[in-house]
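>>> Sequence plus predicted model, see below.
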Amino acid sequence: EDQVTQSPEALRLQEGESSSLNCSYTVSGLRGLFWYRQDPGKGPEFLFTLYSAGEEKEKERLKATLTKKESFLHITAPKPEDSATYLCAVQANRDDKIIFGKGTRLHILP
Amino acid sequence: EAQVTQNPRYLITVTGKKLTVTCSQNMNHEYMSWYRQDPGLGLRQIYYSMNVEVTDKGDVPEGYKVSRKEKRNFPLILESPSPNQTSLYFCASKKGQTLYTGELFFGEGSRLTVL
């Protein structure tokens, strides 16, 4: 069964304190791994798609990396506006289901 | 403006009273999907559709129906709602045919309470 596990569930950081969020996945044939950001009361917003181990993508203070078993979302020198829930999702080769993890709630303190 | 529009945004109803949550997208996307989001359980896929007249079950389809008669619309139907269907519902769409891994665009969500 395909699974996505995110850790930690919640993370509080001081402004400027860099850290990483983890997404472990089990899928029979990865087609793509996705990162989304969700603000309270809003729908998720797309950040990145990663396709193969070793791939990295960056956007402002965020960098996503991928291995054969997990993905990391690195946040460098975060600001309070980076506070949100970050969701990881996977799509397998065999169908069009997209399975989400439970997310990591990130809170950046000023 | 490219968007996915859901209605209603908020609804309180009673057990057994049929309801429909509408979803419409203006991006000419082939793929549309419904998710429910519950505390501690995350986003779970209910149904998805690859194109008109093509629908497939996600991980939690029980108690729900969908239809895709037009490309832009993908309504979610609760024939006989029960309290365990109280949740935050999201509709999403993306372009592309089978196995395309493009960006999902989400609606603003519909918060449903079943008493």
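Right, received. Where do you want to start?
>>> wait, B:T101 sits on A:G32?
Yes - counting by Cβ atoms under 8 Å, B:T101 does reach A:G32; the two are 3.5 Å apart. Backbone N, C-alpha and C define where each C-beta goes, glycine included.
>>> Could you name every residue contacting both of the two?
A:49, A:51, A:91 (Cβ atoms under 8 Å, 6 or more residues apart in numbering or on different chains).
>>> Which of those fall within helices?
Per DSSP state H, helices hold no members of the shared contacts of B:T101 and A:G32.
>>> Show me where chain A has its helices.
Going by DSSP H, chain A shows no helices.
>>> Next one: the residue in it positioned nearest to chain B from B:N7, what distance?
Proximity of chain A to chain B (Cβ to the nearest Cβ) peaks at A:G43, 3.0 Å away. Distance, A:G43 to B:N7, using Cβ to Cβ, to the nearest Å: 14 Å.
>>> So for the two, which residue has more residues nearby?
Between A:G43 and B:N7, counted using other Cβ atoms under 10 Å in any protein chain shown, A:G43 has the larger neighbour count: 22 against 14.
>>> from what I can see that one touches B:S93, true?
No - assessed by Cβ under 8 Å, A:G43 is found out of contact with B:S93, at 11.1 Å.
>>> and for these two, which residues touch both?
B:V4.
>>> Which residues of chain B lie near chain A?
Selection of chain B residues close to chain A by Cβ under 8 Å from any Cβ of the partner chain yields B:4, B:31, B:33, B:35, B:40-45, B:48, B:50, B:56, B:58-59, B:90, B:92, B:98-99, B:101-109.
>>> Buried ones among these?
The neighbour-count test (16 or more other Cβ atoms under 10 Å in any protein chain shown) applied to these identifies B:4, B:31, B:33, B:35, B:42-45, B:48, B:50, B:58, B:90, B:92, B:101, B:103-107, B:109 as buried.
>>> which of the shared contacts of B:T101 and A:G32 has the most neighbours?
Result: A:Q91 is most packed of these (other Cβ under 10 Å), 23 neighbours.
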